[in-house]
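Chemist: could you look at this predicted model? Sequence included:
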Amino acid sequence: MKSSVSVVAIAAALFMHAASAMADGPQAEVMHWWVSAGESAAVKEIANAYTAQGGVWKDNAIAGGEVAIANIISRITGGNPPTAAQMPLGKQLDDLVAQGLLVPVDDAAKETGFYDNIPETFQKAMTFPDGHMYALPINDHGHNWLWYNKKVLADAGAKEPVTWDDFFAAVDAIKAKGNAVPIAVGAQPWQLGQTFLSVLLTKQGPVLFNKVFTDLDLDAVKSPEFKDAVATFLKLRDYSDNGAANREWNVAANMVITGKAGFQFMGDWAKGEYTAAGLKPDVEYGCQILGNGDGKQYFNVSSDAIIFPVNKGADQDKAQAMLERIMMGKDVQVAFNSKKGSVPARLDVDASKLDACAAKGVKILQDPAQRIPNVDFLVSPDTIGAERDLAAQAWADPSYSPDKFIESFTKIIEAEKSMR
């Protein structure tokens, strides 16, 4: 009897020791703004993979990208950094790198084959002047997707659009039918600014887009093609509803999901909401990157980057090293992005595991000429903010003319030129 008690006691002690060891595993506080249903499900895929390797995941989600970014930067510069944090891949990281506040991810990027299998745009953006890599692109986001409810279109007798002419025929049909709001819009500056950029790229093509944001060509801003893009953007307002002011993007997405609206212009993270609602792509809803009739589609590429701030302590070094390799792995890339709605940053994943919309995106991305860098890679955060504010101001004022928009936009580009 005494022997049995000893065995039980020893087993209990071993169990407690194992539990304690697991609890004492490398703790990772991860700050991010993935808070919608689809985004939260995506984050859990990373958290589960980290926990499976003995780590302790401490989730720190903050609603709203701009609010979260301010908090993240404050924590890092204030000497109380998280283990890892979400940031846009692009020029917003320049100051943090210049101040020596981020840990390089070179070793993991090379050991996992990650660096060699991502778009060149990402390779350049994650590598800084000192030759080191300081950001991990976790996904490949397309900003210029169009989402639609297939039943709403069918009820209105509208065909699924491929070109801009198709699109306006469809929204006119929905408006005439009166069965739904033609376009679900969240009239917040970042959403409207993004919508204008989508119109500019998909309707006018990458040559004009790059002249404006890469070359800062003022003649391009004053061109008839740019004016047409502005007029098209402002025309979309006629197909929105009175409740658009300050509407969150996921609320607008839900309008399409539930059949209250026909279309939404939004990045591919919106697909996570459809997935969370149990809808299937190409069955209940559709996805498209519009073209201008020449058969070409252009994927406006951006990425959520994960950065690893300089921390004190070997435990944080271990946590960061684990996270880097987990997030760069093919399986986690597929699992995360399948829930998030985006495409894996790695182009060497098994596309058969992706849904119809993601597979469509991967196909477009195979051609480097169809990967068009988002403005995050091209201009300063101040210029991005000014473009968003202008789009919101113009949208809110029905009397705002394309000429007035161009006059204000010219000043934005001139200010960007003065900083170079």
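Modeler: That came through fine.
Chemist: can we go C-alpha only for contacts and neighbour counts from here?
Modeler: Noted.
Chemist: strands of the protein, residue ranges please.
Modeler: 27-32, 56-61, 84-88, 136-137, 139-142, 145-149, 181-183, 261-266, 285-288, 299-302, 304-307, 343-344, 371-373 (DSSP state E).
Chemist: which of the ones you listed is buried the deepest?
Modeler: Greatest average neighbour count among those goes to strand 343-344 (a mean of 30), per mean count of other Cα atoms under 10 Å.
Chemist: quick one, helices of the stretch 251-400 of the chain?
Modeler: Here the stretch 251-400 of the chain has its helices, by DSSP state H, counting those that start in this stretch, at 271-276, 314-328, 330-340, 356-365, 381-396.
Chemist: right, so of those, which gets closest to residue 349?
Modeler: helix 330-340 (5.9 Å; Cα to Cα).
Chemist: buried residues, the closest one. List them.
Modeler: Neighbour counts over helix 330-340 (16 or more other Cα atoms under 10 Å) mark 330, 332-340 as buried.
Chemist: again, but for stretch 404-412
Modeler: Buried residues in stretch 404-412 (16+ other Cα under 10 Å): 405-406, 409-410, 412.
Chemist: of those residues, closest to residue 114?
Modeler: residue 412 (36.4 Å).
Chemist: OK, contacts around that closest one?
Modeler: Neighbouring residues of residue 412 by Cα atoms under 8 Å, 6 or more residues apart in numbering: 383, 386-387.
Chemist: list the contacts of stretch 222-234.
Modeler: Counting by Cα under 8 Å, 6+ apart, 195-196, 199-200, 203-204, 208, 220-221, 394-395, 402-403, 405-406, 410 sit against stretch 222-234.
Chemist: nope, stretch 42-58 is what I was after
Modeler: 22-30, 34, 319, 322-323, 326-327, 332, 335-340.
Chemist: mind redoing it with 10 Å?
Modeler: For stretch 42-58, contacts defined as Cα atoms under 10 Å, 6 or more residues apart in numbering pick out 21-32, 34-36, 41, 59, 61, 82-83, 272, 318-319, 322-323, 325-327, 331-341.
Chemist: thinking again about what came up before, adding pLDDT, write the contacts of residue 412 out as TSV.
Modeler: As requested, the contacts of residue 412 are arranged in TSV below (pLDDT from 0 to 100):
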residue	pLDDT
383	96
386	98
387	98
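Chemist: so among these, which ones count as buried?
Modeler: 383, 386-387.
Chemist: quick one on the thing from earlier: the helices of the stretch 251-400 of the chain: which one's closest to residue 148?
Modeler: Proximity to residue 148 (Cα to Cα) singles out helix 271-276 among those, at 10.7 Å.
Chemist: if we can go back for a sec, who wins for proximity to residue 355 among the strands of the chain?
Modeler: strand 343-344 (10.0 Å).
Chemist: in its sheet, what does that closest one sit against?
Modeler: Strand 343-344 pairs in its sheet with strand 139-142 (antiparallel), by DSSP bridges.
Chemist: taking the mean pLDDT, what do you get for the strand it pairs with?
Modeler: Across strand 139-142, pLDDT averages out at 88.
Chemist: stretch 262-280 too?
Modeler: Mean pLDDT, computed over stretch 262-280, is 92.
Chemist: same deal with stretch 294-301?
Modeler: Averaging pLDDT along stretch 294-301 gives 88.
Chemist: now the closest residue to residue 365 other than its chain neighbours, which residues is it bridged with?
Modeler: Using Cα to Cα, 6 or more residues apart in numbering and skipping residues adjacent in sequence, the residue nearest residue 365 is residue 371, 5.9 Å away. Assessed by DSSP bridges, residue 371 has beta-bridge partners residue 299.
Chemist: pretty sure residue 371 sits against residue 120.
Modeler: Yes: shown here, residue 371 and residue 120 form a contact pair, counting by Cα atoms under 10 Å, at 9.4 Å.
Chemist: residue 122 versus residue 380, what's the distance?
Modeler: Plainly put, residue 380 is 17 Å away from residue 122 if you go by Cα to Cα, to the nearest Å.
Chemist: who's more crowded, the two?
Modeler: Using other Cα atoms under 10 Å as the criterion, residue 380 and residue 122 rank with residue 122 on top: 23 against 17.
Chemist: next one: that one relative to residue 311, how far apart?
Modeler: For residue 122, the distance to residue 311 - Cα to Cα - is 25 Å.
Chemist: which ones are touching the closest residue to residue 122 other than its chain neighbours?
Modeler: Leaving aside its sequence neighbours, residue 122 sits nearest to residue 137 (Cα to Cα, 6+ apart; 7.0 Å). Residue 137 makes contacts with 86-89, 114-115, 118, 122-123, 125-126, 302-307, 327-328, 344-346, as judged by Cα under 10 Å, 6+ apart.
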